[in-house]
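*Asks:* Got a predicted structure here, sequence first:
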Amino acid sequence: MGNASSLLSEAETRHLMRRAGFGATTKELTKLAKRGYTREKLVDLLLKYKPKPLKTSNQDGINEVYDRWLDVMLKTKTPLLEKLTIFWHDHFATNISTVEDTEQMARQNALLRTMSKGNFRQFLKRINKDPAMMDFLDTVRNRRKTPNENYARELMELFTLGVVDEAGVPNYAQEDIVQIARSLTGWRLDDNGNAVFREDAHDFNVDFPERGPKVIFQNRPGFGPNGIDLITAGEGAPEIDFVIDVLLVHVDSQGKSTVGRRITRRLFEYFASAAPSTALVDELLAMSGFATTWDIAALVKTILNHDAFYAGAATPPYEPGTKKSVKWPIDYVVSTLRLMNVHPKRRKYEGLALEDSDSLRAHLDAMGQRLFDPPSVFGWDWEAAWISSATLLARFRFACDLAGNHTKGKQGFHPEKMMPLSLQAPNDILNAAGNVLGITDQLSSSDREFLLAYLTDDGTRPALNLGDPNLRARKLHGLFALLLQSPAYQLH
Amino acid sequence: MAVSRRSFLKGSSLAAASSLVAPALLGNPFVRRAFADTIGDRYFLSIFLDGGNDGFNTVIPATNGGGGLRTAYDLARSTGADGLNVGPGQLSSTMIGTDPGSGAQLALHPGLLGMKQLYDLGKVAVIQGCGYSRPSLSHETSRVAWETGTPPGFSSGTGWVGRYLAANYGGSDIPGVCIRSEVAGELRQNATSVLAARRLRSLRFPYDQDFEDDIARKRAAFLGLYGGAAAGALPLAEYVGTSGTATLLATESYAGLHDLYVQGRATFDQAYEDLDRGLGRGLREAAKVIYGISEGVPNVHARVMQAATGGYDTHSDQGGPQTDGRHFALLSELGDSLKLFYDDCADMGLADKVVILVWSEFGRRAVQNDGGTDHGTQYPVFVIGGSVTGGVYGNHPNIDELALSDDGNTVYSQAAADPFRSTDMRDVYGTILKHWLQMPHQTVLQNVLALDAGDPAERWTQENFDMGFLA
């Protein structure tokens, strides 16, 4: 049991850096250990970033912007910005396949970065008017005569309330969707691609805003039999912001902040593991004050300082009930390259060749994750859904390509620069290689047995001379491939 | 009753080794016979139309029949610039049977010409008005309801096909293949392995080819690591473990299927290429598996397959009968791909061994919005195959304005006397399980599909697993 001022152990530091960043190299870890961080100090340090947009140009296609983002992730010193931006990209999932406009997608990415640890209320209000989102979920096609329910539904189902609350009770009715859709009529994009409200009084035009009352949440706890009218703060343009204010005061069947609980749950599941208890969700929510301040940074900080988060740092043999999480493809790729100190040049990834492509993007595609192009508004499916024979093969292929890459310079993998070649005992070599990838303590005794059998050719090679480049290429690079392919490395 | 693979393994000394079973063992003719005994060489293919297919523009009333079906359709679907209305004159080439409830003449959307050809062969069951009680309009929630075969809120997380597989196959079997990158929801469970691969030709386990003589040792270590995880204490690691083991073994057994097909079935291989549609290419992968098994390729035992095709969430720009419309393109891709796949199977002499179910997470609103349709409820599914008794089953939903629910959707009904009585999706599933996959009636009810509690007029409280489309 610990709290924010508990000193971080090595395993806990590794865990925090894996989950709130892209892992810590041996060098970084030594530095951190020297300074002796408490949970709170290191979490504060991780949260101390200035959100910067990606540097893009108007001529860029989506692949250039994507490459730019990968490049930033591979080099960044403020990885939590990236981790949170990815979270929000999944939460407010919008895809280029539908939007077909790189500039709008880049603008949305800049918004996600800017608001990544900001105020959730302001964040939602800006998402309402985000051009890519307005196009993606048909706000720009929402007409007075024929309201389009697409955005109104997802705003409640995915971005805020969720279909049902922690007790399984529905949070809203179909009628609420219809009324919110009506209140969001009249919003279009101007010539510069900015959201604009068509105030014109030509009510006969189906494009223009719907007048009159729009009552939602009738007979819901907290709203009473009369519900609340979305024109309460003014009819027309003010409705789009007022909707958010109403959603944020929604309470569930247990009288708790519906949005507060749901965002807390999602962020915990993202950073720690699936299915936290309602009691834990409520504890984190209360400690963070999120349901009153809507301060995302405070919520993230509360989660990353909590014992429940550090339970994920457990090492084998595991107690019953221990929870781990499947690494997302983006995590698998970026953290592996960082830990192995391989720096593929942007747009040129020689030595990491797939059959028909040479980019990290292609590797990620095959693993089931294409940034800027989540499969649908639901974002990506997490945990076990990342794992199938197809996506595992993509991971195995990446591992094999990377570990077997002897290219000179920073594009290649050079274990001899990351561990002493004087090591001879198979056990020491396994530990040193495991440390490079940060998983020595995650290997079970049975894992070690099989890896050592590989390294020693079933015990026929009691010592290894890593100074021999041929043996190194065969066995040490081979060991790294196996470690990257191991079940333990797919989890964190 | 056939010997189930699972009980066979449990009842033998092989059970302990089953999680780490080597390909050589699956090659054992005795093990393979037990496997084949479950459903012989029958195949079941599930095709998911992602996004919610507009059922009311898929099976369209051309006449009123004894009621006012066509009149109601004309009120809901407008003509003109953004209109989705398909006129009777545009339906003349795709007429099918009549609506059992109202007697109205029905037709398929003109994009479904390929489907119509199969219908004329008597190989397509059009099952109207399929759904479940208290339907959800959320893509996710409704898809999960269809995948799991349970109404929202009652799901255990496993798929309806998955529960069938779990009852019949063991941990190292690969009885299912998903022609996509992820395991489909209806096949999900954790008792047996399901292969997911978009293209069989890329199924090759990656080893560093510079050190060929090290490969056997890497393979042994890999199987050790993954076997350990499969037997371990973390449920997530267990899942990763069985998936990884199955993946390695599948790359060894499925790898040759692509070349075998390309060489043995060049004409059809080229026909899929010429068709140039995503779904067609996916179905070609299924054809490769079926062909490989028919040619006796060892260690390939898939009986259940799944493919998905997207783009059906037509809130806007849906298009009516126009050949350049979005819905037209989607449906012609569906019909043409299925027709080619059927012909391919027929040419192999196996058309009567394959049953295909085409489904979506929901239908769409009867009344269109400006140029598209919002989320709806009941819609028609298709069951296709050489052994299928073709025809129209189930009633068209009541799209009369006055009969629609408050949110404008058709209402699910199980009232026996209702001429618009809906078909519960679980009656379709149960008929397939009982009459095609040979699962005993009571076992289906106990292991796969549980009846609802509640009002028999609005809940699925009485099963009908003998719908008639499969003998």
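*Replies:* Structure received.

*Asks:* how about the strands in chain B?
*Replies:* Here chain B has its strands, by DSSP state E, at B:43-49, B:59-61, B:95-98, B:105-108, B:124-131, B:176-178, B:194-196, B:304-309, B:354-360, B:379-385, B:391-393, B:423-424.

*Asks:* any idea of the mean pLDDT in the shortest one?
*Replies:* It stands for strand B:423-424. Confidence over strand B:423-424, taken as the mean pLDDT, stands at 98.

*Asks:* chain center to it, what's the gap?
*Replies:* Relative to the chain's own centre, strand B:423-424 is displaced by 16 Å; criterion: C-alpha atoms, centre = their mean, to the nearest Å.

*Asks:* Pull the residues that contact that strand.
*Replies:* Identification of contacts with strand B:423-424 by C-beta atoms under 8 Å, 6 or more residues apart in numbering or on different chains yields B:127-133, B:378, B:393-395, B:414, B:460, B:467. For the C-beta atoms, the positions are set from N, CA and C on the backbone; glycine is no exception.

*Asks:* same question, stretch A:471-485
*Replies:* Stretch A:471-485 has contacts (C-beta under 8 Å, 6+ apart) with A:336, A:340, A:395-396, A:398-400, A:402-404, A:406, A:413, A:415-416, A:421, A:429-430, A:433-434, A:436-437, A:439, A:451, A:454-455, A:464-466, A:489, B:208, B:210-211, B:214, B:218, B:221-222, B:225.

*Asks:* Could you check how far residue A:343 is from residue A:437?
*Replies:* Residue A:343 sits 17 Å away from residue A:437, going by C-beta to C-beta, to the nearest Å.

*Asks:* And these two? Which one has more around it.
*Replies:* More crowded of residue A:343 and residue A:437, by other C-beta atoms under 10 Å in any protein chain shown: residue A:437, with 21 against 15.

*Asks:* What is the least confident helix or strand in the chain?
*Replies:* I'll assume chain A. Each helix and strand of chain A was given a mean pLDDT (mean pLDDT, DSSP states H and E); the minimum falls on helix A:96-99 at a mean of 86.

*Asks:* Would you indicate which residues of it are buried?
*Replies:* For helix A:96-99, the neighbour count (16 or more other C-beta atoms under 10 Å in any protein chain shown) marks A:96, A:98-99 as buried.

*Asks:* what's the answer for stretch B:289-296, then?
*Replies:* Buried residues in stretch B:289-296 (16+ other C-beta under 10 Å): B:289-293.

*Asks:* now stretch B:404-423
*Replies:* Residues of stretch B:404-423 classed as buried: B:404, B:407-414, B:419-423 (neighbour count, 16+ other C-beta under 10 Å).

*Asks:* One more: stretch B:111-123?
*Replies:* For stretch B:111-123, by 16+ other C-beta under 10 Å, it's B:111-119, B:121, B:123.

*Asks:* now residue B:74: how far from residue A:433?
*Replies:* 72 Å.

*Asks:* out of those two, which sits in the busier spot?
*Replies:* Shown here are residue B:74 and residue A:433; by other C-beta under 10 Å, residue A:433 has more neighbours (23 against 16).

*Asks:* check which helix or strand covers that one.
*Replies:* Assessed by DSSP states H and E, residue A:433 sits inside helix A:426-437.

*Asks:* Can you list the buried residues in the next helix or strand after that helix?
*Replies:* Next in sequence after helix A:426-437, counting helices and strands by DSSP H and E, comes helix A:445-455. Across helix A:445-455, burial judged by 16+ other C-beta under 10 Å covers A:446-448, A:450-455.

*Asks:* from those, which are also near chain B?
*Replies:* Taking C-beta under 8 Å from any C-beta of the partner chain as the test, chain B is in contact with A:446-447, A:450-451, A:453-454 out of the buried residues of helix A:445-455.

*Asks:* Sketch out the low-pLDDT regions of the stretch 101-250 of chain B for me.
*Replies:* For the stretch 101-250 of chain B, the stretches with pLDDT under 70 are B:153, B:156, B:170-172, B:190-191.

*Asks:* Against chain A, how distant is residue B:449?
*Replies:* In this structure, residue B:449 and chain A are 22 Å apart, going by C-beta to the nearest C-beta, to the nearest Å.

*Asks:* For that residue, which non-adjacent residue is spatially closest?
*Replies:* residue B:426 (4.8 Å; C-beta to C-beta, 6 or more residues apart in numbering or on different chains).

*Asks:* Stretch A:307-326 and chain B, any residue contact?
*Replies:* Yes: residues of stretch A:307-326 contacting chain B under C-beta under 8 Å from any C-beta: A:316-320, A:322-326.

*Asks:* In CSV, list the residues you listed along with pLDDT, neighbour count and secondary structure.
*Replies:* Shown next, in CSV, are those (pLDDT from 0 to 100; neighbours: other C-beta atoms under 10 Å in any protein chain shown; DSSP: H, G, I helix; E, B strand; the rest coil):
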residue, pLDDT, neighbour count, secondary structure
A:316, 94, 20, coil
A:317, 93, 11, coil
A:318, 93, 15, coil
A:319, 91, 9, coil
A:320, 89, 6, coil
A:322, 94, 18, coil
A:323, 95, 18, coil
A:324, 96, 24, coil
A:325, 97, 21, coil
A:326, 97, 23, strand
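
*Asks:* can you pull the contacts of residue A:183?
*Replies:* Residue A:183 neighbours (C-beta under 8 Å, 6+ apart): A:210, A:214, A:230-231, A:239-240, A:242-243.

*Asks:* farthest pair in these?
*Replies:* Spatially, the most separated pair among the contacts of residue A:183 is A:210 and A:242, at 14.4 Å (C-beta to C-beta).

*Asks:* between those two, which one's more packed in?
*Replies:* Set side by side, residue A:210 and residue A:242 show more neighbours around residue A:210, with 22 against 19, by other C-beta under 10 Å.

*Asks:* residues in contact with that one?
*Replies:* With C-beta under 8 Å, 6+ apart, residue A:210 has these contacts: A:144, A:147, A:182-183, A:185-186.

*Asks:* Over to residue A:311?
*Replies:* Residues in contact with residue A:311 (C-beta under 8 Å, 6+ apart) are A:272-273, A:322-323.

*Asks:* now with 10 Å?
*Replies:* By C-beta atoms under 10 Å, 6 or more residues apart in numbering or on different chains, the contact list for residue A:311 reads A:15, A:272-273, A:319, A:321-324.

*Asks:* With residue A:153 instead?
*Replies:* So residue A:153 contacts A:137, A:163, A:172, A:174, A:176-178, A:180-181, A:377, B:137-139, B:374-375 (C-beta under 10 Å, 6+ apart).

*Asks:* Which of the three states applies to it?
*Replies:* Following DSSP: H, G, I helix; E, B strand; the rest coil, the label given to residue A:153 is helix.

*Asks:* What does the pLDDT read for it?
*Replies:* 93.

*Asks:* how close does it get to residue A:327?
*Replies:* Distance from residue A:153 to residue A:327, by C-beta to C-beta: 31 Å.

*Asks:* Kindly state the beta-bridge partners for residue B:358.
*Replies:* Beta bridges link residue B:358 to residue B:47, residue B:382 when assigned by DSSP bridges.

*Asks:* any weak-confidence spans in the stretch 51-200 of chain A?
*Replies:* Short version for the stretch 51-200 of chain A, where the test is pLDDT under 70: A:200.

*Asks:* hey, where'd the helices end up in it?
*Replies:* For the stretch 51-200 of chain A, the helices defined by DSSP state H, counting those that start in this stretch occupy A:62-75, A:79-91, A:96-99, A:102-115, A:120-128, A:131-136, A:150-154, A:174-183.

*Asks:* Switch the ones you listed over to a markdown table; also include distance to residue A:254.
*Replies:* Listed next are these as a markdown table, based on distance: least, C-beta to C-beta, whole Å:
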| stretch | distance to residue A:254 |
| --- | --- |
| helix A:62-75 | 39 |
| helix A:79-91 | 23 |
| helix A:96-99 | 36 |
| helix A:102-115 | 29 |
| helix A:120-128 | 21 |
| helix A:131-136 | 31 |
| helix A:150-154 | 24 |
| helix A:174-183 | 19 |
